[in-house]
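Participant: quick one: sequence and predicted model below, then my questions.
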Amino acid sequence: MSEAHSPSPPSIAPAASTVRHGETRVTTLELFFDLAFVFNFTQLARLLSDDMTPRGLLQVLLIFWLLWWMYGGYAWLTNHLPPHRRRHRLLLLLGMAAFLVLGLATPNAFHGDGIAFGVGYLLIVAVHAALFAFGGPRAARNMLRIAPFHTAAAGLIITAGFLDGTLPYLLWGGAVLLEVVAPVVTGVSGFQLRPGHFVERHGLLMIIALGDSFLALGIGMDGGQAGLSVVTTAVLIFVIPACLWWVYFDESEKARRAELALERQSSPRRSRLALSAFFYAHVPMLLGLILVASAVKKTIVHPFAPLDLAPALALAGGVSLYLAGIAWFHGILKIGPQRFHLVASVAALGAVAMGRYTSAVGEVVLLGLLIVAGLVSEHRWSRRLDRPAPGPPTGSPAPVPIPPPPRVGAQPEVPRP
């Protein structure tokens, strides 16, 4: 994204707020796109909830990486080329339809719907490349370097749909490997980012992904009665996504720090930093939310009974992964502490025993207490960071000493040579 986007025509008012220097923020169409994308997260949580085995986890990991990779591609795309023109909007809506196809094919992507998934992925790749072609010649050249990797990955997935056994997993693994290698081979230095838009776009995605936990509560109920025990458990479970939201956003302070951290970098360094912080560091956070959502469906059914090992691991492991991702995110951008969340991440794994040998509610309460402890520690760290240095208030000049008035009748002092 190496060129500044052209201004939209006067007849089309951008659906975004404007901040300093006239920088355009996230449009409503981009937010609509994110809602379609998070549908895939709901499907991944459903897949894992139905098959909490190493095989099911492997399927989730392979599908997730490809979905997340292409979402990142669209986030970089709209950062460079806001969808203000009609043709851009129509193509982006087509990309949303392709993500819908992927979501519908996700639960059986390894059992009969692999071809549909591969065709949907190919369509997403084609729309992505077509939109970049409207971004100017340099943007098109940058996309030509990376498009072959996307196309080859889609071809491997379509081929896997015709096969059975172990070979499809190998082909899916090859597709993931291609996407991992692509930025290493082609580089990201040719792209320029608008930090404000990029930070806000990923923040809105995280809000929607956190909201998926509420959907998991409703799906787990499956139309059952909302008795006292179920309502109590639901409220306790709500504490976990609420605290995870606070860990990420901290009342928008972290968004401000993240934006400033990107703005201070040169263009090549900014792109590399954004890839590390907003793609790789977000992987454990989003995987953690998928694990939590899959476990919530099991937890809400029998809240005061011990959990099976798999859902107990998913619930504690999801919180642990999320906190580890937060620590990684902080370390890359240097916008917050790491040690508090790393300690809480390790301690969260100990909650598995609580859920396994006592009750689901016991594990939920322990995890909530661990997250709150990390939040309190981070709040104290932030207060020390934001505390002004001792001295006179900023902008107030130091007081000028006033000489005493001359004594009445005193002779004026004559300077001596």
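Facilitator: Structure received. Numbering: from 1, shown residues only.

Participant: H84 belongs to a helix?
Facilitator: No: H84: not assigned to a helix; according to DSSP: H, G, I helix; E, B strand; the rest coil it is coil.

Participant: distance of S382 from L262?
Facilitator: 20 Å (C-beta to C-beta, to the nearest Å). Where you see a C-beta, it was placed from the backbone N, CA and C, and this is true even at glycine.

Participant: likewise T233?
Facilitator: Where L262 is concerned, T233 sits at a distance of 40 Å (C-beta to C-beta).

Participant: pLDDT below threshold where in this protein?
Facilitator: 1-24, 135-136, 138-140, 187-191, 214-227, 229, 251-252, 384-417 (pLDDT under 70).

Participant: if we go to 50?
Facilitator: The chain contains residues with pLDDT under 50 at 1-22, 389, 394-400, 402, 407-417.

Participant: okay, now the domains of it?
Facilitator: 19-187, 189-385 (automatic domain parsing).

Participant: can I get those domains in a markdown table with mean neighbour count?
Facilitator: Shown next, in a markdown table, are those (neighbours: other C-beta atoms under 10 Å):
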| stretch | mean neighbour count |
| --- | --- |
| domain 19-187 | 19 |
| domain 189-385 | 19 |
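
Participant: ok, Q265 - contacts?
Facilitator: L273 (C-beta atoms under 8 Å, 6 or more residues apart in numbering).

Participant: which of the three states applies to it?
Facilitator: Strictly by three-state DSSP, Q265 counts as coil.

Participant: and the closest residue to R89 other than its chain neighbours, backbone torsions?
Facilitator: Closest residue to R89 apart from its sequence neighbours, by C-beta to C-beta, 6 or more residues apart in numbering: P83 at 4.9 Å. Dihedral pair for P83: phi -80, psi 70, per degrees, to the nearest 10.

Participant: touching, P83 and E30? I think so.
Facilitator: Yes: between P83 and E30 there is a contact at 7.0 Å, judged by C-beta atoms under 8 Å.

Participant: list residues touching both of these two?
Facilitator: Common neighbours of P83 and E30 (C-beta under 8 Å, 6+ apart) are L92.

Participant: tell me the helices and strands packed up against the strand or helix carrying W68.
Facilitator: Assigned by DSSP states H and E, W68 belongs to helix 54-80. In terms of contacts (3 or more C-beta pairs under 8 Å, 6 or more residues apart in numbering; DSSP states H and E), helix 54-80 is packed against helix 28-50, helix 86-105, helix 114-133, helix 137-160, helix 167-186, helix 195-221, helix 282-299.

Participant: can you redo those helices as CSV with distance to G331?
Facilitator: Formatted as CSV, those follow (distance: least, C-beta to C-beta, whole Å):
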stretch, distance to G331
helix 28-50, 25
helix 86-105, 31
helix 114-133, 30
helix 137-160, 27
helix 167-186, 20
helix 195-221, 17
helix 282-299, 13
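
Participant: quick one: closest of those to A327.
Facilitator: helix 282-299 (9.4 Å; C-beta to C-beta).

Participant: chain center to the closest one, what's the gap?
Facilitator: Put simply, helix 282-299 sits 13 Å off its chain's centre (C-alpha atoms, centre = their mean, to the nearest Å).

Participant: that one: what's the following helix or strand?
Facilitator: Toward the C-terminus from helix 282-299 - assigned by DSSP H and E - lies helix 309-333.

Participant: any idea of the angle that next one forms with helix 195-221?
Facilitator: 170 degrees (axes from the mean of the first three to the mean of the last three C-alpha atoms, to 10 degrees).

Participant: what is helix 309-333 packed up against?
Facilitator: helix 228-249, helix 253-263, helix 282-299, helix 339-348, helix 351-357, helix 360-386.

Participant: one more time with 6 Å, if that's ok
Facilitator: Packing contacts for helix 309-333, counted by 3 or more C-beta pairs under 6 Å, 6 or more residues apart in numbering; DSSP states H and E, involve helix 282-299, helix 339-348, helix 351-357.

Participant: nearest to I332, of those?
Facilitator: Closest among these, using C-beta to C-beta: helix 282-299, at 10.7 Å.

Participant: can you tell me what sits against that closest one?
Facilitator: Outside helix 282-299, the residues within contact range by C-beta atoms under 6 Å, 6 or more residues apart in numbering are 41, 44-45, 48-49, 209, 212-213, 216-217, 219-220, 237, 311, 314-315, 317-318, 321-322, 324-325, 360.

Participant: looking at this, G165 is in a helix?
Facilitator: No: counting by three-state DSSP, G165 is not part of a helix but coil.

Participant: use 10 as the first number for this chain going forward.
Facilitator: Okay, residue one is now 10; in that scheme the one you just asked about reads as G174.

Participant: now A169: how far from A184?
Facilitator: 8 Å.

Participant: I should have written A304 there, sorry.
Facilitator: For A304 relative to A184 (C-beta to C-beta), the value is 28 Å.

Participant: ok, now M79?
Facilitator: From M79 to A184 the distance is 11 Å (C-beta to C-beta).

Participant: residue contacts, S276?
Facilitator: S276 touches Q201, counting by C-beta under 6 Å, 6+ apart.

Participant: ok, it to R389 distance?
Facilitator: 36 Å.

Participant: what of E372?
Facilitator: 27 Å.

Participant: likewise A336?
Facilitator: A336 is 17 Å from R389, by C-beta to C-beta.

Participant: with V374 instead?
Facilitator: In terms of C-beta to C-beta, V374 sits 23 Å off from R389.

Participant: equivalent analysis for P116, please.
Facilitator: 44 Å.

Participant: identify the residue nearest L172 in space, chain neighbours excluded?
Facilitator: L172 sits nearest to L180 (C-beta to C-beta, 6+ apart), 7.3 Å away.

Participant: check contacts around that neighbour.
Facilitator: Here L180 is in contact with L165, T168, A169 (C-beta under 6 Å, 6+ apart).

Participant: where does D122 fall, phi/psi-wise?
Facilitator: phi -110, psi 20.

Participant: quick one, what contacts it?
Facilitator: Taking C-beta under 6 Å, 6+ apart as the test, what D122 contacts is A114.
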